[in-house]
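> Turn this into a model:
(one chain, ligands or ions: 1)
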Amino acid sequence: MSDPTLNARIPSGPLAQKWSKHKQDSKLINPANKRKFTVLVVGSGLAGASAAATLSELGYKVKCFCFHDSPRRAHSIAAQGGINAAKNYQNDGDSVYRLFYDTIKGGDFRAREANVYRLAEVSANIIDQCVAQGVPLAREYGGLLANRSFGGAQVSRTFYARGQTGQQLLLGAYSALSKEIARGNVQMYNRTEMLELVLVDGHAKGIVVRNLVTGEVTSHSGDAVILATGGYGNAFFLSTNAMTCNVTAAWRAHKKGAYFANPCYTQIHPTCIPVSGDYQSKLTLMSESLRNDGRVWVPMNAADCDKRASDIPEEARDYFLERKYPSFGNLAPRDISSRSAKEACDEGRGVGPGKLGVYLDFADAILRYGKDKAGGRELSNEELYKLGQPVVAEKYGNLFEMYERITGENAYEQPMRIYPAVHYTMGGLWVDYNLMSNVPGLHVLGEANFSDHGANRLGASALMQGLADGYFVIPYTIANYLASQKPGSVTTSHPAFAQAVEEVSARTHRFLNIKGKRSVDSLHRELGLLLWEKCGMARSREGLMEALKRIPELREEFWNNLHIPGSNAQFNQELEKAGRVADFMEFGELMCRDALEREESCGGHFRVEHQYTREDEDAKRGQAGEALRNDEKFAYVAAWGYSGDVSKPELHKEPLEYEEVHLAVRSYV
Ligand SMILES: Cc1cc2nc3c(=O)[nH]c(=O)nc-3n(C[C@H](O)[C@H](O)[C@H](O)COP(=O)(O)OP(=O)(O)OC[C@H]3O[C@@H](n4cnc5c(N)ncnc54)[C@H](O)[C@@H]3O)c2cc1C
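This next block holds a predicted model:
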């Protein structure tokens, strides 16, 4: 039976018509009235900037907050590889349905069908919108927009701007936002961190923020609140996320009643530069687009691992993705590719320092492009290599440069070394079809919500989702809430605001007065390592139980032995971090509890107890070792409520009812 507190508000009717029907049935607010409503948007990455700009263009008054010195610095800027859209420019069989199906299958059948279909449907509009803004997406020689392939798809549907797609898209959204700021309809608050959500009569009506430069704590009221605050991958300390990514806004909203959905669904990306030492605080992604041309391999025999790659002959190499997944090859989805790399390293066949690395090799691609350029001329391999290298440089030059700057190795001459790392979080605050959480008025967009990627996100689909949410979904759906509200009915003079300000000030005071011995980073590192080991690429009941015992101890240590230098009334990054890590210390426990509760494997959530074995008759050829779902018991969204005790969250379940898709064993063989 479905949970009465979780109404997903999925429109009735055929899947392909739900969104059109919903738009038709949605409430409207006339232009004169829109001006009277204020919407608070927290976050100015792709999801937040696109939402703030579009809502303002529609006429709503918008206040937008971000903790960066400029909206342009949101983590979205880091996105390298591309953005999917079902345009079928390649005439290779793509369609809205295929993008929808690939995303549902890629998410291991743990996403909400109606949301994913809508995402696929609006994907094409995003590209038109961005081109109209002047985003310099790559083009073919004849001027048409170019595409490349990403994991989990057999068509080329990824639009890109070299290896800087996120940056270019963000500049587009930022331009739209800047126009509205200049018009005076968006008030932008940079270097301002939201630290509390304010509820009035159970509705989200405001936020409390801290000015990161002066330490001043203030509050803002609005008719609705939008959180577009990104993902929480940094719970693991080491990840490919920007250093400031965190869970604070979502977690504080959770503690005010918003359900946190599927917190254990973390994406581990297969192509990152391997960890090189204890001093590291950040990992670097090598874009998945590199797998269009790079071949992943390890030596067949552990004895060869110390040899130079070029000294290992072809017949002694194991191109393990091509071997295991012949139809998708090096473009197998991220969860599957990551686990395969881990498996090879666990067998002792890893390469590089610590043997935690596999090769990503471009030699074949360079020769292939060289042959194309040679136009039938008989040339030596060396000459072909010289001709092919600029082609690869044209496509991925900045990524090769970045790799060389970090590792000191030239990836045109020897293969890159890569290893999986935490990259994205599919979990997030629970939202309905309108992108509203279970707290009326609180809407959540982009990576901060849980909505579209199930248990594993396919490459190039986060940018798509963030921009779909901001440009095309929330502008329609927010009216369904606002139309029931009297504009401006709540102001900051309501006592709930003073109380929330007091909570924030008291917490800050507490951090500064612990006066212990450990830095925030040292405690964060310890938590992160624990989460990586017990709730990372592979999870077991035993390991999760250990983590659940250890995290409260670590939290205790945090609150008793933390040292924060400086004061509140100054720019104090240690103080900022303390707030974020305090939340990770609580949130990490919820991640582990969710992973423990989900007694199945699906997508990025791999419970070692639940995998296909060679003996499974219904497992397809080559399925041994793959994630084994349990649809009968776990085809639901786990939405956790706060009970007042972080160690005793309440589980609510939204059953995943598939009207169109048949649940199948996920196979990329
Ligand atoms: C290295 C890397 C490469 C990637 N490449 C791709 C790719 O090629 N294609 C793809 O589809 N996806 C990619 N992704 C994923 C994608 O970039 C992100 O999922 C997406 O950009 C998130 O956008 P967002 O708007 O939801 O959040 P973000 O861009 O993270 O923005 C969050 C915003 O919230 C603000 N904020 C957060 N908390 C607070 C607070 N408490 N108070 C005030 N402000 C707050 C921040 O200041 C920021 O403005 C990549 C991710 C990484 C790490």
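> CA atoms for contacts and neighbours, from now on please.
Noted.
> Nearest residue to residue 447 in space, please, no chain neighbours.
Sequence neighbours aside, residue 230 is the residue nearest to residue 447 in space, at 4.7 Å (criterion: CA to CA, 6 or more residues apart in numbering).
> pLDDT at that neighbour, what is it?
Looking at residue 230, its pLDDT stands at 98.
> That one: what's it in contact with?
Going by CA atoms under 8 Å, 6 or more residues apart in numbering, residue 230 touches 43, 45, 75, 245, 246, 446, 447, 448.
> Next, format those as a markdown table and append pLDDT.
Putting these into a markdown table (pLDDT from 0 to 100) gives the following:
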| residue | pLDDT |
| --- | --- |
| 43 | 98 |
| 45 | 98 |
| 75 | 96 |
| 245 | 96 |
| 246 | 97 |
| 446 | 98 |
| 447 | 98 |
| 448 | 98 |
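> now these in JSON lines, with secondary structure, distance to the ligand and neighbour count?
Shown next, in JSON lines, are these (DSSP: H, G, I helix; E, B strand; the rest coil; distance: CA to the nearest ligand atom, whole Å; neighbours: other CA atoms under 10 Å):
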{"residue": "43", "secondary structure": "coil", "distance to the ligand": "3", "neighbour count": "32"}
{"residue": "45", "secondary structure": "coil", "distance to the ligand": "4", "neighbour count": "30"}
{"residue": "75", "secondary structure": "helix", "distance to the ligand": "4", "neighbour count": "23"}
{"residue": "245", "secondary structure": "coil", "distance to the ligand": "6", "neighbour count": "18"}
{"residue": "246", "secondary structure": "coil", "distance to the ligand": "6", "neighbour count": "24"}
{"residue": "446", "secondary structure": "helix", "distance to the ligand": "4", "neighbour count": "29"}
{"residue": "447", "secondary structure": "helix", "distance to the ligand": "4", "neighbour count": "28"}
{"residue": "448", "secondary structure": "helix", "distance to the ligand": "6", "neighbour count": "27"}
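> from those residues, which single one is nearest residue 401?
Residue 401 has its nearest neighbour among the contacts of residue 230 in residue 75, at 20.6 Å by CA to CA.
> residue contacts, the closest one?
Residue 75 neighbours (CA under 8 Å, 6+ apart): 45, 230, 241, 242, 245.
> next one: residue 278
Under the criterion of CA under 8 Å, 6+ apart, residue 278 has no contact partners.
> What of residue 83?
158, 159, 160, 165, 460, 461, 462, 463, 464.
> on that earlier part again, any idea which of the contacts of residue 75 is closest to residue 375?
Here the nearest of the contacts of residue 75 to residue 375, counting by CA to CA, is residue 241; it sits at 42.7 Å.
> and the gap between residue 372 and the ligand?
Going from residue 372 to the ligand by CA to the nearest ligand atom, to the nearest Å gives 27 Å.
> swap that for residue 415, please
20 Å.
> ditto for residue 332
Relative to the ligand, residue 332 is positioned 16 Å away (CA to the nearest ligand atom).
> try residue 570
Distance of residue 570 to the ligand, given as CA to the nearest ligand atom: 18 Å.
> my hunch is that the residue nearest to residue 447 is in a helix, does that hold up?
No: with DSSP: H, G, I helix; E, B strand; the rest coil as the criterion, residue 230 is coil rather than part of a helix.
> Please report phi then psi for it.
Reported as degrees, to the nearest 10, the phi and psi values for residue 230 are phi 80, psi -170.
> What confidence value was assigned to the closest residue to residue 85 other than its chain neighbours?
Nearest residue to residue 85, sequence neighbours excluded (CA to CA, 6+ apart): residue 123, at 4.7 Å. Reading off the confidence values, residue 123 has pLDDT 98.
> Help me confirm that residue 123 comes into contact with residue 464.
Yes: counting by CA atoms under 8 Å, residue 123 touches residue 464, with 6.4 Å between them.
> I'd say residue 330 and residue 336 touch.
No: counting by CA under 8 Å, residue 330 sits too far from residue 336 to count as a contact (10.6 Å).
> Which helix or strand contains the spatially closest residue to residue 274 that is not a sequence neighbour?
Nearest residue to residue 274, sequence neighbours excluded (CA to CA, 6+ apart): residue 419, at 5.1 Å. Secondary structure assigned from DSSP states H and E places residue 419 in strand 416-425.
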